[in-house]
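> Got a sequence here, can you build the structure:
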Amino acid sequence: MGFPGTWMTESESVLYRVVPKCACSTIGQILYFSDHGTFFDGDIHDAKQGLHKWAQDHSQPIISANVKTRNSYAFTCVRNPYTRVLSSFFDKICGIQRNGKRYRGNMVPLLMQKYGVEVGDPENGFDFDQVRSFRRFLLFARDTIRWRRPMEPDIHWSAMSGHVGTFIVNGGRYDRVIWTEKFNEGMQDVLDHIRTPHTVDLTAIPRFNESEGHGPKRAHPVEDYFDDLSMHLVKEIYGRDFDLFKYDFDNPGNKMPIGEIDLDEVHAKLGD
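Residues are numbered from 1 along each chain as shown. As a prediction, the model looks like this:
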């Protein structure tokens, strides 16, 4: 299986396991900058050079060799499951993608037909009942993850522990798991542990949010989207994420972690 979703600087200073919707665009650009002294011109996910990626055939033996010898500092980044799944809904379900089309072609029409989800459109200012539609989307997300119907689960709303775990199962070991909610603090700790060709000043790094601006804005506080049934579904899908990465399941309005991540626990529970 290898190391899907793993990126590495060409200087091999650091390995990063991408978790979708967890600051991955910003992290990728920081890694690119640390090697080249400039940012990639465009969405870092489209970069075919300047960064080793598991999706590129020529990078796979280099990444594999590095993981096995543990030559590089390895890290990943996680996010509160409540805000992450909300972000996935607004970006991938409601938003118009960079190519001017809906995400994954016929998926949104399927959601509208089978689950009664509304998404609005730019012409009506994305005017729709966000809370009702999001809760119906959550049913769909649960169905894809639990039963793989009506389609396979998507990387943007599948559990973070699944993404993080593939790296461990195949022989990798993390030196750090950082939180999106404490990004500068966590990313600075990563940078303090590695030597890069170019110095990175985090205070001067812009946030590369490639999903921003092509969909509706969230109209309500996070907690308004989650009633008792929604929280039950979230627990079913993301229970392990809350436990391992120390987020507050009982209060959707609290996006901040409530404990310290235990790396030994993460490796033990995700290494099966």
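> Could I have the CA atoms of the worst-scoring helix or strand of the chain on mean pLDDT written out in PDB?
Of all helical and strand segments in the chain, the minimum by mean pLDDT, DSSP states H and E falls on helix 107-115, at a mean of 93. Only the C-alpha atoms of helix 107-115 are listed here, as PDB (Å, rounded to 0.1, in the frame of the first residue of the first chain):
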ATOM      1  CA  MET A 107     -22.600  13.700  -6.600                       C
ATOM      2  CA  VAL A 108     -24.500  16.900  -5.700                       C
ATOM      3  CA  PRO A 109     -27.500  16.000  -7.900                       C
ATOM      4  CA  LEU A 110     -27.500  12.600  -6.200                       C
ATOM      5  CA  LEU A 111     -27.500  14.300  -2.800                       C
ATOM      6  CA  MET A 112     -30.400  16.500  -3.800                       C
ATOM      7  CA  GLN A 113     -32.400  13.600  -5.100                       C
ATOM      8  CA  LYS A 114     -31.800  11.000  -2.400                       C
ATOM      9  CA  TYR A 115     -31.200  13.100   0.700                       C
END
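> can you list the residues that contact it?
93, 102, 117-119, 136-137, 139-140, 150-151 (C-beta atoms under 8 Å, 6 or more residues apart in numbering). Yep, even glycine has a C-beta here, placed from its N, CA and C like the rest.
> of those residues, buried ones?
93, 102, 117-119, 136-137, 139-140 (16 or more other C-beta atoms under 10 Å).
> which pair in those spans the largest distance?
Greatest spacing in the buried ones among the contacts of helix 107-115, by C-beta to C-beta: R102 and L139 (19.4 Å).
> isn't H220 right up against Q130?
Yes: H220 is within contact range of Q130, at 6.7 Å (criterion: C-beta atoms under 8 Å).
> Which one's more surrounded, those two?
Neighbours per residue, other C-beta atoms under 10 Å: of H220 and Q130, the larger number sits with Q130, 23 against 11.
> Fine, thanks again, bye for now.
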